[in-house]
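Engineer: Need coordinates for the following:
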Amino acid sequence: MPLNKELPIAISMGEPGGINIEIILKCIKKKLPDFFLIADPDWAAKSIKSLNSLTKINIIENIDNCSKGHLNILPIKNKVKFGFKKSYNKNVPAIIESLNISIKLAKQRKVAGIVTLPVMKKTLIINGFNYPGHTEYLGKVSNKRPLMIMLNKKLKVATLTTHIPISQVPKKITKSNLEKTIEVYIKSLKLDFGLTDPKVAVSSLNPHSGEEGTIGNEEIKIIKPTIDKFKKQGNKISGPKSADTMFHKEALKNIDANLCMFHDQALIPIKSSDFYGSINFTAGLPFIRTSPDHGTAFDIAGENKANSSSLTNAIKYVNLIYNKRIKNEKKL
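Structural biologist: The predicted structure is shown next:
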């Protein structure tokens, strides 16, 4: 990665019918690194007009030609049907094209990283996109093991499992899966956040950590033995801790990051501690990817009501993590 050049950040379009265009417009006048949206300029122009925005579009062919105060757009080939509050099936090719272009640029190290705007997963899946979310797709196309880390100024929380039904969670809690996840997590905490000796707390699956096996034995058979293995290797890792007690003020003292067994264990404390400012970061990839931690918000799309704090922070964190990675890559 070049040290003497500040690379721009690529933003994939996501769902056109939601709040994505609105929140990106609200980021333009903020003091942020250069970024550009990969999208259909005609759709963007219609959206800007509908939102009564005075923002001007700068269509770029060279990603180094971003202009401050403008909506920089790298055009896609597929046209986008305009319309707020609705997800159109015909927009799926454009959504995937935008995402794939961002990935290609990131793999080529032409951008500092990518920010993926929210998608309507149901629309993508019924149109042949066989992944429950960005995280899983990015892992597949990168041939890497991705790890979803939700973070804000107060917390870093990763999840062992992501977008799967609760009924399937216990099947995914295996020693192998947990070991690989912890390995990715610790490496990312060192590489991407500069924590030389990270302190990690791991949650239990069952209430009260299983009550010594009386209401579940995953803690005894899988989680604790795996934690003990990492302890013996010199890692500062603790648990399994009951998820309902591991996020209060005292429990978080001397803890750098938490690992939870499933989605809601992690996202409830994150969104409760900072609903608008939290972001999603995917560890384990050969490039940097962040995203806002919210969805498409069809209910308020097109009404100029959306809060852009999460996108603002997602853009900022790309640069923060990029610079940490440059500094720490040679050390690990």
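Engineer: The most centrally placed residue in the chain: what's it in contact with?
Structural biologist: The residue lying closest to the centre of the chain (Cα atoms, centre = their mean) is Asn280, at 2.9 Å. By Cβ atoms under 8 Å, 6 or more residues apart in numbering, Asn280 lies in contact with 135, 148-150, 290-293, 314. Placement of C-beta: from N, CA and C, glycine included.
Engineer: Count residues in the vicinity of Pro165, would you?
Structural biologist: 8 (other Cβ atoms under 10 Å).
Engineer: And it, its phi and psi?
Structural biologist: phi -60, psi 150 (degrees, to the nearest 10).
Engineer: Give me the distance between it and Leu259.
Structural biologist: 20 Å (Cβ to Cβ, to the nearest Å).
Engineer: How about the secondary structure of Tyr185?
Structural biologist: helix (DSSP: H, G, I helix; E, B strand; the rest coil).
Engineer: Surely Val127 and Lys90 touch.
Structural biologist: Wrong residue type there; residue 127 is Asn, not Val. No: taking Cβ atoms under 8 Å as the definition, Asn127 is not a contact partner of Lys90, at 9.2 Å.
Engineer: gap between Phe298 and Leu117?
Structural biologist: Counting by Cβ to Cβ, the gap from Phe298 to Leu117 is 14 Å.
Engineer: Compare the two (neighbour count), which wins?
Structural biologist: Neighbour totals were compared for Phe298 and Leu117, and Leu117 leads with 28 against 16 (other Cβ under 10 Å).
Engineer: Can I take it that His208 is in a helix?
Structural biologist: Yes: read with three-state DSSP, His208 is one of the residues of a helix.
Engineer: check contacts around it.
Structural biologist: Per Cβ under 8 Å, 6+ apart, neighbours of His208: 215, 242.
Engineer: Next, work out how far apart it and Arg109 are.
Structural biologist: 47 Å.
Engineer: for the stretch 51-200 of the chain, what spans make up the strands?
Structural biologist: 56-59, 70-75, 113-116, 147-151, 156-159, 199-203 (DSSP state E, counting those that start in this stretch).
Engineer: Much appreciated, bye for now.
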